[in-house]
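Novice: sequence first, then the predicted structure:
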Amino acid sequence: MEKNGLIDRLTNKLERLLQTKYSLFGIAVISFFESALVVPIITDPFMVAYILANRSKTTLVIIVTIFSSLLGGVVAYFMGMFFSTFMLAFLSTDSITQFYQISENFKNQTFIFTIIGAVTPIPYTLVALATGFVKGGLLMFILGTIVGRTFRYSIVGYITYRIGPRSIKLIQENIIILSAIVLLIIASYYLFFY
């Protein structure tokens with residue numbers, strides 16, 4: 001019985017915290033760091049909790065989360081670019097040639113790879129770092145991030161708003177299905193247009 005009391009107290013404290021004037025800033029910080037650093041933080045549960053506590057601000061939290069994630073992704077992109085320049089100084093001429101051959105293939109797919117990283121459980125930060133590392137197009141990276149994160153966070157926000165507390169379980173159960181659908185759409189695109 002005490003365990004339920006502790007959970008209830010923590011839940012009440014979290015609900016009060018999410019209704020403060022700083023809670024949206026907290027979501028922005030979490031979203032930024034999830035995208036900028038390789039850390040085991042997922043923004044979605046915090047966003048869901050915020051929406052459940054502040055239903056009238058659903059659209060606002062989605063927008064803040066998308067653009068905070070974008071800023072974090074751009075930081076990771078430039079970190080990848082910095083490490084690329086640093087690492088290339090230690091490679092042989094043959095290795096540098098191979099690196100540039102491989103990176104050319106990746107650069108041409110920056111938009112698609114970014115969408116995949118922004119929507120699926122593949123860590124988006126790793127995609128951002130890799131894109132910067134091979135010096136993929138920054139504009140395509142930004143556009144891919146906006147498209148992918150808008151898709152992901154809008155679905156999470158909409159489901160949370162419409163279904164309420166049951167949405168947490170629904171999102172957890174269907175993230176793999178959502179990821180598979182996105183990958184299927186991208187694969188179909190390649191089959192028909194390449």
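Specialist: Alright, I've got the coordinates.

Novice: which other helices and strands contact the helix ranked longest in the chain?
Specialist: If you go by DSSP state H, the chain has its longest helix at helix 58-88. In terms of contacts (3 or more C-beta pairs under 8 Å, 6 or more residues apart in numbering; DSSP states H and E), helix 58-88 is packed against helix 23-36, helix 43-53, helix 124-133, helix 138-163. C-beta coordinates here come from the backbone N, C-alpha and C atoms, glycine included.

Novice: pLDDT of the helix or strand encompassing residue 181, averaged?
Specialist: Applying DSSP states H and E as the criterion places residue 181 in helix 167-193. In this model, helix 167-193 has a mean pLDDT of 66.

Novice: please apply the same query to stretch 138-149.
Specialist: Rounded mean pLDDT across stretch 138-149 is 96.

Novice: using PDB, list the CA coordinates for that stretch.
Specialist: Taking C-alpha atoms only, stretch 138-149 is exported to PDB below (Å, rounded to 0.1, in the frame of the first residue of the first chain):
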ATOM      1  CA  LEU A 138      22.900  21.400 -43.600                       C
ATOM      2  CA  LEU A 139      19.700  22.600 -45.300                       C
ATOM      3  CA  MET A 140      18.600  19.000 -46.200                       C
ATOM      4  CA  PHE A 141      19.400  18.000 -42.600                       C
ATOM      5  CA  ILE A 142      17.300  20.900 -41.200                       C
ATOM      6  CA  LEU A 143      14.400  20.200 -43.600                       C
ATOM      7  CA  GLY A 144      14.500  16.400 -42.800                       C
ATOM      8  CA  THR A 145      14.500  17.200 -39.100                       C
ATOM      9  CA  ILE A 146      11.500  19.500 -39.300                       C
ATOM     10  CA  VAL A 147       9.600  17.000 -41.400                       C
ATOM     11  CA  GLY A 148      10.500  14.000 -39.300                       C
ATOM     12  CA  ARG A 149      10.100  15.600 -35.900                       C
END
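
Novice: from the chain's centroid, how far away is it?
Specialist: Remark: stretch 138-149 is offset 11 Å from the chain centroid, using C-alpha atoms, centre = their mean, to the nearest Å.

Novice: tell me how far residue 113 lies from residue 147.
Specialist: 12 Å (C-beta to C-beta, to the nearest Å).

Novice: between the two, which one's more packed in?
Specialist: residue 113 (23 against 15; other C-beta atoms under 10 Å).

Novice: my guess is that one meets residue 107, correct?
Specialist: No - taking C-beta atoms under 8 Å as the definition, residue 113 is not a contact partner of residue 107, at 9.8 Å.

Novice: any residues in contact with both of the two?
Specialist: The contact sets of residue 113 and residue 107 overlap at residue 136 (C-beta atoms under 8 Å, 6 or more residues apart in numbering).
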